[in-house]
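Chemist: Any chance you can model this:
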Amino acid sequence: LKSLFLDAFTRNSAGISGPLRSFERLSNLENLYLGANSFTGTIPANFLASVSASKTITVGLKGNELTGAIPSDLSRLDRLNIDLSDNKIDTVDQELCSQMNWMQGAVGQFGCSAILCPPKTFNQQGRQTASGNPCIPCTGLDASSHYGSSSCSTVQKESERAILELLFQLTGGHSWKRKDNWLDDGVDICSWYGISCRSNVTVVSILLGGNNLVGTPPKQIFELPNLHFLWLYSNPIQFKFDGIEKSKTLTSLLLDSTGLESIEGVGKAEALVDFDVRFNSLKGQLPSEIKDLKGLESFSCSYNQLTGTVPSFASNQKLATLRLGNNAFSGTVPAFASHRAMINLDLSDNVLEGTIPSNLLDSADVSSEMFVDLSSNSLTGTVPGALDRFDQMMLLLKDNKISGIDPRLCSKDSWNQGDVRVYGCNGILCPPGHFSPGTGRGSKESTTCFSCEDVDFYGASTCGPISASLRHTWKYAVVAAVATLLLFSV
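Modeler: As a prediction, the model looks like this:
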(Lines give C-alpha, C1' and ligand atoms only; values in the text may rest on other atoms or scores of the structure.)
Protein backbone atom coordinates (compact mmCIF):
# COMPACT_ATOMS: atom_id res chain seq x y z
CA LEU A 1 0.00 0.00 0.00
CA LYS A 2 1.44 3.33 -1.09
CA SER A 3 -1.43 5.73 -0.37
CA LEU A 4 -4.31 5.82 2.10
CA PHE A 5 -6.88 8.63 2.07
CA LEU A 6 -9.47 8.67 4.87
CA ASP A 7 -9.76 12.39 5.53
CA ALA A 8 -12.57 14.94 5.33
CA PHE A 9 -12.08 15.31 1.58
CA THR A 10 -12.71 11.65 0.77
CA ARG A 11 -15.70 10.82 3.00
CA ASN A 12 -18.97 12.32 4.20
CA SER A 13 -19.18 11.10 7.80
CA ALA A 14 -17.39 12.18 10.99
CA GLY A 15 -14.79 9.50 10.45
CA ILE A 16 -12.66 7.27 12.62
CA SER A 17 -12.16 7.45 16.39
CA GLY A 18 -9.86 5.75 18.86
CA PRO A 19 -6.05 5.56 19.05
CA LEU A 20 -3.86 6.19 16.01
CA ARG A 21 -2.34 3.05 14.51
CA SER A 22 1.41 2.87 14.01
CA PHE A 23 1.30 1.62 10.38
CA GLU A 24 4.70 0.12 11.23
CA ARG A 25 4.50 -2.67 8.65
CA LEU A 26 3.64 -0.51 5.64
CA SER A 27 7.12 -0.08 4.25
CA ASN A 28 5.92 1.23 0.87
CA LEU A 29 3.68 3.95 2.30
CA GLU A 30 4.15 7.38 0.70
CA ASN A 31 0.88 9.23 1.41
CA LEU A 32 -1.23 8.90 4.55
CA TYR A 33 -4.17 11.30 4.96
CA LEU A 34 -6.25 10.90 8.12
CA GLY A 35 -7.20 14.53 8.76
CA ALA A 36 -10.45 15.67 10.38
CA ASN A 37 -11.14 12.36 12.07
CA SER A 38 -11.43 11.83 15.84
CA PHE A 39 -8.19 10.07 16.70
CA THR A 40 -7.19 10.40 20.37
CA GLY A 41 -4.16 9.59 22.47
CA THR A 42 -0.51 9.97 21.54
CA ILE A 43 1.32 9.31 18.30
CA PRO A 44 2.88 5.82 18.61
CA ALA A 45 6.64 5.78 19.11
CA ASN A 46 6.96 3.24 16.26
CA PHE A 47 4.84 5.31 13.87
CA LEU A 48 5.92 4.53 10.27
CA ALA A 49 8.76 2.41 11.65
CA SER A 50 9.41 0.40 8.48
CA VAL A 51 9.37 3.29 6.00
CA SER A 52 12.78 3.91 4.42
CA ALA A 53 14.59 6.86 5.99
CA SER A 54 15.41 8.37 2.61
CA LYS A 55 11.88 8.20 1.23
CA THR A 56 9.70 11.32 0.94
CA ILE A 57 6.50 10.70 2.88
CA THR A 58 3.48 12.96 3.39
CA VAL A 59 1.22 12.55 6.43
CA GLY A 60 -1.98 14.52 7.09
CA LEU A 61 -3.32 14.36 10.65
CA LYS A 62 -4.81 17.84 10.92
CA GLY A 63 -7.91 18.33 13.01
CA ASN A 64 -7.87 15.27 15.25
CA GLU A 65 -7.52 15.13 19.05
CA LEU A 66 -4.01 13.75 19.33
CA THR A 67 -2.12 14.63 22.50
CA GLY A 68 1.38 14.53 23.95
CA ALA A 69 4.63 14.88 22.03
CA ILE A 70 5.66 14.31 18.45
CA PRO A 71 7.85 11.17 18.81
CA SER A 72 11.55 11.93 18.55
CA ASP A 73 11.96 8.58 16.77
CA LEU A 74 10.55 10.26 13.65
CA SER A 75 13.87 12.07 13.32
CA ARG A 76 15.19 9.02 11.45
CA LEU A 77 13.02 10.09 8.47
CA ASP A 78 14.92 12.56 6.29
CA ARG A 79 12.03 13.90 4.19
CA LEU A 80 8.84 13.95 6.22
CA ASN A 81 5.98 16.34 5.50
CA ILE A 82 3.54 16.01 8.39
CA ASP A 83 0.53 18.19 9.19
CA LEU A 84 -0.45 17.96 12.87
CA SER A 85 -2.19 21.33 13.18
CA ASP A 86 -5.33 21.67 15.28
CA ASN A 87 -4.62 18.75 17.58
CA LYS A 88 -3.59 18.93 21.25
CA ILE A 89 0.13 18.46 20.85
CA ASP A 90 2.06 19.87 23.83
CA THR A 91 5.69 19.08 22.93
CA VAL A 92 7.88 19.31 19.84
CA ASP A 93 11.25 17.68 20.46
CA GLN A 94 14.13 20.01 19.59
CA GLU A 95 15.82 17.19 17.71
CA LEU A 96 13.02 17.32 15.15
CA CYS A 97 13.53 21.05 14.64
CA SER A 98 16.91 20.39 13.07
CA GLN A 99 15.53 18.16 10.31
CA MET A 100 16.57 20.44 7.46
CA ASN A 101 14.56 18.66 4.73
CA TRP A 102 11.32 18.25 6.65
CA MET A 103 8.21 20.10 5.49
CA GLN A 104 9.73 20.55 2.02
CA GLY A 105 12.71 22.33 3.49
CA ALA A 106 10.72 24.79 5.65
CA VAL A 107 12.18 23.38 8.88
CA GLY A 108 15.63 24.27 7.59
CA GLN A 109 14.46 27.88 7.23
CA PHE A 110 12.12 28.41 10.16
CA GLY A 111 12.95 25.73 12.70
CA CYS A 112 10.28 24.37 15.06
CA SER A 113 7.59 26.78 13.89
CA ALA A 114 7.66 25.10 10.46
CA ILE A 115 6.42 21.93 12.18
CA LEU A 116 3.82 23.60 14.41
CA CYS A 117 3.21 27.11 15.67
CA PRO A 118 4.15 27.40 19.36
CA PRO A 119 1.45 27.71 22.08
CA LYS A 120 -0.34 31.07 22.21
CA THR A 121 0.44 31.71 18.53
CA PHE A 122 -1.34 30.77 15.30
CA ASN A 123 -1.64 31.19 11.57
CA GLN A 124 -4.00 29.77 8.97
CA GLN A 125 -1.89 26.63 8.38
CA GLY A 126 -0.99 26.11 12.05
CA ARG A 127 2.68 26.24 11.07
CA GLN A 128 5.04 28.56 9.21
CA THR A 129 5.37 27.70 5.54
CA ALA A 130 6.98 30.90 4.23
CA SER A 131 8.52 34.11 5.49
CA GLY A 132 5.27 35.92 4.73
CA ASN A 133 3.11 33.84 7.07
CA PRO A 134 4.78 33.70 10.48
CA CYS A 135 3.05 32.39 13.58
CA ILE A 136 1.15 35.34 15.08
CA PRO A 137 0.62 35.92 18.80
CA CYS A 138 -2.90 35.17 20.02
CA THR A 139 -3.93 37.21 23.05
CA GLY A 140 -6.85 36.80 25.38
CA LEU A 141 -8.48 33.86 27.11
CA ASP A 142 -8.84 31.89 23.88
CA ALA A 143 -5.05 31.60 23.32
CA SER A 144 -4.30 27.89 22.95
CA SER A 145 -1.82 26.13 25.23
CA HIS A 146 -1.16 23.58 22.47
CA TYR A 147 1.05 23.62 19.41
CA GLY A 148 -0.36 24.12 15.91
CA SER A 149 -3.38 26.42 16.25
CA SER A 150 -4.80 27.62 12.93
CA SER A 151 -7.15 30.20 14.44
CA CYS A 152 -7.46 32.73 17.22
CA SER A 153 -10.99 33.88 17.97
CA THR A 154 -9.86 37.20 19.45
CA VAL A 155 -7.90 38.21 16.33
CA GLN A 156 -10.50 36.69 14.01
CA LYS A 157 -13.35 38.58 15.63
CA GLU A 158 -11.46 41.85 15.48
CA SER A 159 -10.97 41.35 11.74
CA GLU A 160 -14.58 40.33 11.13
CA ARG A 161 -15.90 43.19 13.26
CA ALA A 162 -13.98 45.68 11.11
CA ILE A 163 -15.66 44.28 7.98
CA LEU A 164 -19.13 44.47 9.54
CA GLU A 165 -18.49 48.04 10.69
CA LEU A 166 -17.55 48.94 7.11
CA LEU A 167 -20.79 47.36 5.86
CA PHE A 168 -22.73 49.48 8.35
CA GLN A 169 -20.96 52.68 7.31
CA LEU A 170 -21.24 52.16 3.53
CA THR A 171 -24.91 51.17 3.51
CA GLY A 172 -26.38 53.88 5.72
CA GLY A 173 -26.50 51.83 8.89
CA HIS A 174 -27.89 54.64 11.01
CA SER A 175 -31.02 54.58 8.80
CA TRP A 176 -31.52 50.82 8.83
CA LYS A 177 -34.91 49.60 9.99
CA ARG A 178 -33.22 47.45 12.61
CA LYS A 179 -29.68 47.82 13.87
CA ASP A 180 -29.91 46.21 17.28
CA ASN A 181 -26.47 46.12 18.99
CA TRP A 182 -24.54 47.21 15.89
CA LEU A 183 -21.32 49.08 16.71
CA ASP A 184 -21.92 48.60 20.46
CA ASP A 185 -18.46 48.03 21.94
CA GLY A 186 -19.99 46.08 24.78
CA VAL A 187 -21.81 43.57 22.58
CA ASP A 188 -20.21 40.67 20.72
CA ILE A 189 -20.69 40.81 16.91
CA CYS A 190 -22.47 37.46 17.10
CA SER A 191 -25.31 39.28 18.92
CA TRP A 192 -25.70 42.05 16.34
CA TYR A 193 -29.03 42.04 14.48
CA GLY A 194 -28.95 39.81 11.41
CA ILE A 195 -25.60 38.20 12.25
CA SER A 196 -25.17 34.53 13.12
CA CYS A 197 -21.92 32.85 14.11
CA ARG A 198 -20.52 29.36 14.36
CA SER A 199 -19.39 28.39 17.86
CA ASN A 200 -19.81 32.06 18.80
CA VAL A 201 -16.53 32.75 17.03
CA THR A 202 -16.88 33.40 13.29
CA VAL A 203 -19.66 34.92 11.13
CA VAL A 204 -21.57 32.40 9.02
CA SER A 205 -24.60 34.44 7.97
CA ILE A 206 -25.60 38.04 7.27
CA LEU A 207 -29.39 38.23 6.99
CA LEU A 208 -30.38 41.86 6.39
CA GLY A 209 -33.12 41.54 3.79
CA GLY A 210 -35.67 44.39 3.68
CA ASN A 211 -33.71 46.46 6.17
CA ASN A 212 -33.23 49.70 4.19
CA LEU A 213 -29.60 49.21 3.30
CA VAL A 214 -28.60 51.90 0.79
CA GLY A 215 -25.31 52.19 -1.08
CA THR A 216 -22.63 49.67 -2.09
CA PRO A 217 -21.72 46.86 0.30
CA PRO A 218 -17.92 46.61 0.64
CA LYS A 219 -16.04 43.95 -1.29
CA GLN A 220 -14.34 43.05 2.01
CA ILE A 221 -17.55 41.23 2.93
CA PHE A 222 -16.26 38.38 0.78
CA GLU A 223 -13.20 38.14 3.03
CA LEU A 224 -15.26 36.80 5.92
CA PRO A 225 -13.64 33.35 5.99
CA ASN A 226 -16.69 31.30 6.99
CA LEU A 227 -19.59 33.25 5.47
CA HIS A 228 -22.24 30.86 4.12
CA PHE A 229 -25.37 33.01 3.81
CA LEU A 230 -25.55 36.58 2.47
CA TRP A 231 -29.16 37.76 2.21
CA LEU A 232 -29.54 41.41 1.17
CA TYR A 233 -32.81 41.16 -0.78
CA SER A 234 -35.31 44.05 -0.93
CA ASN A 235 -32.74 46.75 -0.28
CA PRO A 236 -31.93 49.56 -2.78
CA ILE A 237 -28.21 48.77 -2.97
CA GLN A 238 -25.60 48.83 -5.73
CA PHE A 239 -24.22 45.36 -5.31
CA LYS A 240 -20.93 44.40 -6.96
CA PHE A 241 -19.36 40.97 -7.30
CA ASP A 242 -15.76 42.23 -7.15
CA GLY A 243 -13.74 40.00 -4.85
CA ILE A 244 -16.34 37.23 -4.60
CA GLU A 245 -13.66 34.70 -5.54
CA LYS A 246 -12.27 35.15 -2.01
CA SER A 247 -15.47 33.77 -0.51
CA LYS A 248 -14.74 30.05 -0.49
CA THR A 249 -17.73 29.12 1.70
CA LEU A 250 -20.57 31.32 0.36
CA THR A 251 -23.44 28.99 -0.53
CA SER A 252 -26.53 31.23 -0.49
CA LEU A 253 -26.70 34.70 -2.07
CA LEU A 254 -30.12 36.40 -2.17
CA LEU A 255 -30.19 39.70 -4.07
CA ASP A 256 -33.77 39.80 -5.32
CA SER A 257 -35.40 43.24 -5.49
CA THR A 258 -32.20 45.23 -5.10
CA GLY A 259 -32.11 47.07 -8.44
CA LEU A 260 -29.27 44.82 -9.65
CA GLU A 261 -28.22 45.55 -13.26
CA SER A 262 -25.43 43.01 -13.76
CA ILE A 263 -24.25 39.70 -12.34
CA GLU A 264 -20.82 39.92 -13.93
CA GLY A 265 -18.30 38.16 -11.72
CA VAL A 266 -20.64 35.75 -9.98
CA GLY A 267 -19.08 32.82 -11.84
CA LYS A 268 -16.12 33.06 -9.46
CA ALA A 269 -18.30 32.16 -6.45
CA GLU A 270 -17.21 28.55 -6.58
CA ALA A 271 -19.23 27.33 -3.57
CA LEU A 272 -22.55 28.95 -4.51
CA VAL A 273 -25.61 26.69 -4.20
CA ASP A 274 -28.57 29.10 -4.02
CA PHE A 275 -28.59 32.30 -6.12
CA ASP A 276 -31.66 34.58 -6.30
CA VAL A 277 -31.77 37.73 -8.46
CA ARG A 278 -35.49 38.04 -9.19
CA PHE A 279 -37.25 41.41 -9.59
CA ASN A 280 -34.20 43.28 -10.83
CA SER A 281 -33.06 45.13 -13.96
CA LEU A 282 -30.95 42.52 -15.71
CA LYS A 283 -30.94 42.93 -19.50
CA GLY A 284 -29.48 41.15 -22.50
CA GLN A 285 -28.40 37.54 -22.56
CA LEU A 286 -27.77 35.58 -19.41
CA PRO A 287 -23.98 35.67 -18.79
CA SER A 288 -22.25 32.46 -19.79
CA GLU A 289 -20.27 32.41 -16.53
CA ILE A 290 -23.30 30.86 -14.82
CA LYS A 291 -21.95 27.59 -16.20
CA ASP A 292 -18.96 27.96 -13.86
CA LEU A 293 -21.22 27.49 -10.82
CA LYS A 294 -20.93 23.72 -10.84
CA GLY A 295 -22.57 23.27 -7.43
CA LEU A 296 -25.59 25.48 -8.15
CA GLU A 297 -28.83 23.85 -7.01
CA SER A 298 -31.27 26.77 -7.18
CA PHE A 299 -31.16 29.71 -9.61
CA SER A 300 -33.99 32.25 -9.57
CA CYS A 301 -33.85 34.99 -12.19
CA SER A 302 -37.51 35.71 -12.89
CA TYR A 303 -38.92 39.21 -13.45
CA ASN A 304 -36.01 40.74 -15.31
CA GLN A 305 -35.58 41.76 -18.97
CA LEU A 306 -33.30 39.01 -20.21
CA THR A 307 -33.32 38.08 -23.89
CA GLY A 308 -31.85 35.45 -26.19
CA THR A 309 -32.39 31.72 -25.97
CA VAL A 310 -32.71 29.80 -22.73
CA PRO A 311 -29.31 28.26 -21.94
CA SER A 312 -29.04 24.49 -21.61
CA PHE A 313 -27.31 24.74 -18.19
CA ALA A 314 -25.47 21.58 -19.21
CA SER A 315 -22.65 22.36 -16.78
CA ASN A 316 -25.02 22.88 -13.86
CA GLN A 317 -26.07 19.30 -13.35
CA LYS A 318 -27.00 19.78 -9.69
CA LEU A 319 -29.80 22.23 -10.51
CA ALA A 320 -33.02 21.30 -8.74
CA THR A 321 -34.81 24.64 -9.18
CA LEU A 322 -34.60 26.93 -12.22
CA ARG A 323 -36.82 30.02 -12.35
CA LEU A 324 -36.51 32.15 -15.49
CA GLY A 325 -40.12 33.30 -15.81
CA ASN A 326 -41.20 36.82 -16.77
CA ASN A 327 -38.31 37.69 -19.04
CA ALA A 328 -38.10 37.89 -22.85
CA PHE A 329 -36.35 34.63 -23.68
CA SER A 330 -37.03 33.39 -27.20
CA GLY A 331 -36.43 30.20 -29.15
CA THR A 332 -37.52 26.76 -28.01
CA VAL A 333 -37.85 25.06 -24.64
CA PRO A 334 -34.68 23.11 -23.72
CA ALA A 335 -35.37 19.53 -22.66
CA PHE A 336 -32.98 19.57 -19.66
CA ALA A 337 -32.93 15.84 -20.32
CA SER A 338 -29.73 15.15 -18.38
CA HIS A 339 -30.67 17.06 -15.21
CA ARG A 340 -31.39 14.30 -12.71
CA ALA A 341 -32.01 16.64 -9.78
CA MET A 342 -34.37 19.11 -11.42
CA ILE A 343 -37.88 19.17 -9.95
CA ASN A 344 -38.88 22.83 -10.32
CA LEU A 345 -38.81 24.55 -13.73
CA ASP A 346 -40.38 27.93 -14.47
CA LEU A 347 -40.08 29.40 -17.98
CA SER A 348 -43.42 31.18 -17.93
CA ASP A 349 -44.13 34.60 -19.46
CA ASN A 350 -41.42 34.60 -22.09
CA VAL A 351 -41.72 34.46 -25.90
CA LEU A 352 -40.79 30.81 -26.39
CA GLU A 353 -42.03 28.96 -29.47
CA GLY A 354 -42.11 25.42 -30.82
CA THR A 355 -43.40 22.29 -29.15
CA ILE A 356 -42.93 20.94 -25.64
CA PRO A 357 -40.06 18.39 -25.81
CA SER A 358 -41.23 14.82 -25.30
CA ASN A 359 -38.00 14.16 -23.37
CA LEU A 360 -38.50 17.12 -21.03
CA LEU A 361 -36.68 16.35 -17.76
CA ASP A 362 -36.05 12.84 -19.04
CA SER A 363 -33.55 11.95 -16.30
CA ALA A 364 -35.53 13.34 -13.37
CA ASP A 365 -36.87 11.02 -10.68
CA VAL A 366 -40.37 10.03 -11.83
CA SER A 367 -41.55 9.70 -8.22
CA SER A 368 -40.64 13.30 -7.33
CA GLU A 369 -43.25 16.02 -7.02
CA MET A 370 -42.57 17.97 -10.19
CA PHE A 371 -43.42 21.60 -10.90
CA VAL A 372 -43.27 22.84 -14.51
CA ASP A 373 -44.60 26.23 -15.57
CA LEU A 374 -44.49 27.05 -19.29
CA SER A 375 -47.47 29.40 -19.22
CA SER A 376 -47.84 32.52 -21.34
CA ASN A 377 -45.49 31.74 -24.19
CA SER A 378 -46.27 30.85 -27.83
CA LEU A 379 -45.82 27.11 -27.59
CA THR A 380 -47.59 24.95 -30.18
CA GLY A 381 -48.46 21.32 -30.81
CA THR A 382 -49.70 18.68 -28.41
CA VAL A 383 -48.83 18.24 -24.75
CA PRO A 384 -46.64 15.12 -25.10
CA GLY A 385 -47.89 11.85 -23.66
CA ALA A 386 -44.36 10.86 -22.67
CA LEU A 387 -44.78 13.10 -19.63
CA ASP A 388 -47.09 10.47 -18.15
CA ARG A 389 -43.97 8.86 -16.67
CA PHE A 390 -44.24 11.34 -13.78
CA ASP A 391 -46.46 10.28 -10.91
CA GLN A 392 -47.07 13.75 -9.50
CA MET A 393 -46.78 16.94 -11.46
CA MET A 394 -47.99 20.51 -11.34
CA LEU A 395 -48.08 21.36 -15.06
CA LEU A 396 -49.02 24.94 -15.93
CA LEU A 397 -49.46 25.71 -19.62
CA LYS A 398 -52.10 28.45 -19.93
CA ASP A 399 -52.08 31.08 -22.68
CA ASN A 400 -50.00 29.33 -25.32
CA LYS A 401 -51.04 28.08 -28.79
CA ILE A 402 -51.40 24.45 -27.85
CA SER A 403 -53.59 22.37 -30.17
CA GLY A 404 -54.04 19.16 -28.21
CA ILE A 405 -53.43 17.03 -25.11
CA ASP A 406 -52.28 13.42 -25.34
CA PRO A 407 -55.16 11.46 -23.76
CA ARG A 408 -52.75 9.43 -21.64
CA LEU A 409 -52.24 12.50 -19.47
CA CYS A 410 -55.92 12.91 -18.73
CA SER A 411 -55.90 9.93 -16.34
CA LYS A 412 -53.02 11.21 -14.19
CA ASP A 413 -55.22 11.61 -11.13
CA SER A 414 -52.51 13.12 -8.90
CA TRP A 415 -51.53 15.81 -11.37
CA ASN A 416 -52.25 19.47 -10.71
CA GLN A 417 -53.04 18.75 -7.08
CA GLY A 418 -55.78 16.29 -8.01
CA ASP A 419 -57.56 18.58 -10.49
CA VAL A 420 -57.00 16.05 -13.28
CA ARG A 421 -58.89 13.45 -11.24
CA VAL A 422 -61.83 15.87 -10.96
CA TYR A 423 -61.80 17.51 -14.40
CA GLY A 424 -59.90 15.06 -16.62
CA CYS A 425 -58.19 16.77 -19.56
CA ASN A 426 -59.74 20.06 -18.51
CA GLY A 427 -57.68 19.84 -15.33
CA ILE A 428 -54.64 20.31 -17.55
CA LEU A 429 -56.04 22.84 -20.05
CA CYS A 430 -59.45 24.06 -21.08
CA PRO A 431 -60.24 23.02 -24.68
CA PRO A 432 -60.71 25.44 -27.62
CA GLY A 433 -63.95 27.34 -27.34
CA HIS A 434 -63.54 27.59 -23.56
CA PHE A 435 -61.58 29.55 -20.97
CA SER A 436 -61.02 29.64 -17.24
CA PRO A 437 -60.24 33.03 -15.64
CA GLY A 438 -56.66 33.25 -14.46
CA THR A 439 -55.79 29.55 -14.73
CA GLY A 440 -56.75 28.36 -18.22
CA ARG A 441 -57.88 25.03 -16.72
CA GLY A 442 -60.38 23.48 -14.42
CA SER A 443 -59.40 23.85 -10.79
CA LYS A 444 -61.03 22.97 -7.50
CA GLU A 445 -59.71 26.19 -5.98
CA SER A 446 -60.93 28.52 -8.72
CA THR A 447 -63.34 27.72 -11.54
CA THR A 448 -64.28 25.30 -14.26
CA CYS A 449 -63.98 25.94 -18.01
CA PHE A 450 -66.55 28.36 -19.48
CA SER A 451 -67.69 28.61 -23.10
CA CYS A 452 -66.18 31.29 -25.33
CA GLU A 453 -66.39 31.02 -29.11
CA ASP A 454 -63.43 33.38 -29.63
CA VAL A 455 -60.89 30.94 -28.14
CA ASP A 456 -58.88 28.96 -30.73
CA PHE A 457 -56.37 27.08 -28.55
CA TYR A 458 -56.17 25.05 -25.38
CA GLY A 459 -55.60 26.82 -22.09
CA ALA A 460 -57.11 30.28 -22.49
CA SER A 461 -57.37 32.32 -19.31
CA THR A 462 -59.51 35.05 -20.91
CA CYS A 463 -62.34 35.06 -23.39
CA GLY A 464 -60.73 36.37 -26.58
CA PRO A 465 -57.24 36.43 -28.05
CA ILE A 466 -54.41 38.35 -26.36
CA SER A 467 -51.35 39.00 -28.48
CA ALA A 468 -47.91 38.14 -27.13
CA SER A 469 -46.74 41.71 -27.56
CA LEU A 470 -49.65 43.07 -25.56
CA ARG A 471 -49.12 40.46 -22.87
CA HIS A 472 -45.45 41.41 -22.51
CA THR A 473 -46.29 45.10 -22.44
CA TRP A 474 -48.55 44.39 -19.49
CA LYS A 475 -45.87 42.19 -17.92
CA TYR A 476 -43.14 44.83 -17.96
CA ALA A 477 -45.51 47.39 -16.55
CA VAL A 478 -46.32 45.02 -13.70
CA VAL A 479 -42.65 44.10 -13.14
CA ALA A 480 -41.64 47.76 -12.99
CA ALA A 481 -44.44 48.54 -10.55
CA VAL A 482 -43.63 45.56 -8.31
CA ALA A 483 -39.88 46.26 -8.30
CA THR A 484 -40.45 49.89 -7.44
CA LEU A 485 -42.85 48.94 -4.67
CA LEU A 486 -40.41 46.42 -3.18
CA LEU A 487 -37.46 48.79 -3.29
CA PHE A 488 -39.17 51.77 -1.77
CA SER A 489 -41.26 49.93 0.77
CA VAL A 490 -38.21 48.93 2.80
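Chemist: Met103 looks like it's in a strand, true?
Modeler: No. Assigned with DSSP: H, G, I helix; E, B strand; the rest coil, Met103 falls outside any strand and is helix.
Chemist: ok, it to Asn181 distance?
Modeler: 44 Å (C-beta to C-beta, to the nearest Å). Quick note: C-beta positions are derived from backbone N, CA and C, even for glycine.
Chemist: And for Ala143?
Modeler: For Ala143, the distance to Asn181 (C-beta to C-beta) stands at 26 Å.
Chemist: same question, Ile16
Modeler: Relative to Asn181, and taking C-beta to C-beta, Ile16 is found at 42 Å.
Chemist: Repeat that for Phe110.
Modeler: Distance, Phe110 to Asn181, by C-beta to C-beta: 42 Å.
Chemist: now stretch 119-129, how far from the centre of its chain.
Modeler: Distance, stretch centre to chain centre, for stretch 119-129: 30 Å (C-alpha atoms, centre = their mean, to the nearest Å).
Chemist: Flag every buried residue along it.
Modeler: Going by neighbour count (16 or more other C-beta atoms under 10 Å), the buried part of stretch 119-129 is Pro119, Lys120, Thr121, Phe122, Asn123, Gln125, Gly126, Arg127, Gln128, Thr129.
Chemist: Same question for stretch 187-206.
Modeler: Ile189, Cys190, Trp192, Gly194, Ile195, Cys197, Val201, Thr202, Val203, Val204, Ser205, Ile206.
Chemist: Lowest-confidence member of those residues, which is it?
Modeler: Among the buried residues of stretch 187-206, Val201 has the lowest pLDDT, at 79.
Chemist: neighbours of the closest residue to that residue other than its chain neighbours, just the number please.
Modeler: Among residues not flanking Val201 along the chain, Ser153 sits closest, at 4.4 Å (C-beta to C-beta, 6 or more residues apart in numbering). If you count neighbours by other C-beta atoms under 10 Å, Ser153 ends up with 19.
Chemist: same deal with Lys177?
Modeler: Lys177 has 12 neighbouring residues, counting by other C-beta under 10 Å.
Chemist: Just want the phi and psi numbers for it.
Modeler: Torsion angles at Lys177 (phi, psi; degrees, to the nearest 10) stand at phi -60, psi -50.
Chemist: any idea where the helices of the stretch 51-200 of the chain begin and end?
Modeler: 106-110, 153-170 (DSSP state H, counting those that start in this stretch).
Chemist: Return the set of buried residues in the longest one.
Modeler: Right, helix 153-170. Buried residues in helix 153-170, counted by 16+ other C-beta under 10 Å: Ser153, Val155, Gln156, Lys157, Glu160, Arg161, Ile163, Leu164, Leu166, Leu167, Phe168, Leu170.
Chemist: Which member of the residues you listed is positioned nearest Gly243?
Modeler: Set against Gly243, the nearest of the buried residues of helix 153-170 by C-beta to C-beta is Ile163 (11.5 Å).
Chemist: which intervals of the stretch 251-400 of the chain have sub-threshold pLDDT?
Modeler: Counting by pLDDT under 70, the stretch 251-400 of the chain contains no low-confidence range.
Chemist: give the contact list for the closest residue to Thr58 other than its chain neighbours.
Modeler: Closest residue to Thr58 apart from its sequence neighbours, by C-beta to C-beta, 6+ apart: Asn81 at 4.5 Å. By C-beta atoms under 8 Å, 6 or more residues apart in numbering, the residues touching Asn81 are Thr56, Ile57, Thr58, Val59, Trp102, Met103, Gln104.
Chemist: I only care about those residues that end up buried; give me the PyMOL line for that.
Modeler: Per 16+ other C-beta under 10 Å, the buried members of these correspond to this PyMOL selection:
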select buried, resi 57+58+59+102+103
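Chemist: Make a markdown table from the contacts of Asn81 and add pLDDT to it.
Modeler: Converted to a markdown table, those look like this (pLDDT from 0 to 100):
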| residue | pLDDT |
| --- | --- |
| Thr56 | 95 |
| Ile57 | 96 |
| Thr58 | 96 |
| Val59 | 96 |
| Trp102 | 97 |
| Met103 | 96 |
| Gln104 | 95 |
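Chemist: Show me which pair in the contacts of Asn81 is furthest apart.
Modeler: Val59 and Gln104 (13.0 Å).
Chemist: what's the closest of the helices of the stretch 51-200 of the chain to Leu409?
Modeler: Leu409 lies closest, by C-beta to C-beta, to one member of the helices of the stretch 51-200 of the chain: helix 153-170, at 51.3 Å.
Chemist: per-residue confidence for His38?
Modeler: Wrong residue type there; residue 38 is Ser, not His. So Ser38 comes in at 89 (pLDDT).
Chemist: And it, its phi and psi?
Modeler: phi -130, psi 40.
Chemist: can you pull the contacts of it?
Modeler: Contact analysis of Ser38 by C-beta under 8 Å, 6+ apart lists Ala14, Gly15, Ile16, Ser17, Gly18, Asn64, Glu65.
Chemist: Could you tell me how many residues sit around the closest residue in space to Glu369 that isn't next to it in sequence?
Modeler: The shortest distance from Glu369 to any non-neighbouring residue, by C-beta to C-beta, 6+ apart, is to Gln392 (4.7 Å). Counted with other C-beta under 10 Å, the neighbours of Gln392 add up to 17.
Chemist: how about Gln392, what does it touch?
Modeler: Counted by C-beta under 8 Å, 6+ apart, Gln392 has contacts Ser367, Ser368, Glu369, Met370, Ser414, Trp415.
Chemist: switch to 7 Å and redo it
Modeler: Residues near Gln392 by C-beta atoms under 7 Å, 6 or more residues apart in numbering: Glu369, Met370, Ser414, Trp415.
Chemist: got those residues as CSV, with distance to Asp7 and neighbour count columns?
Modeler: Shown next, in CSV, are the contacts of Gln392 (distance: C-beta to C-beta, whole Å; neighbours: other C-beta atoms under 10 Å):
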residue, distance to Asp7, neighbour count
Glu369, 37, 14
Met370, 38, 22
Ser414, 45, 14
Trp415, 47, 23
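Chemist: Now intersect the residues you listed with the helices, please.
Modeler: Among the contacts of Gln392, DSSP state H puts none in helices.
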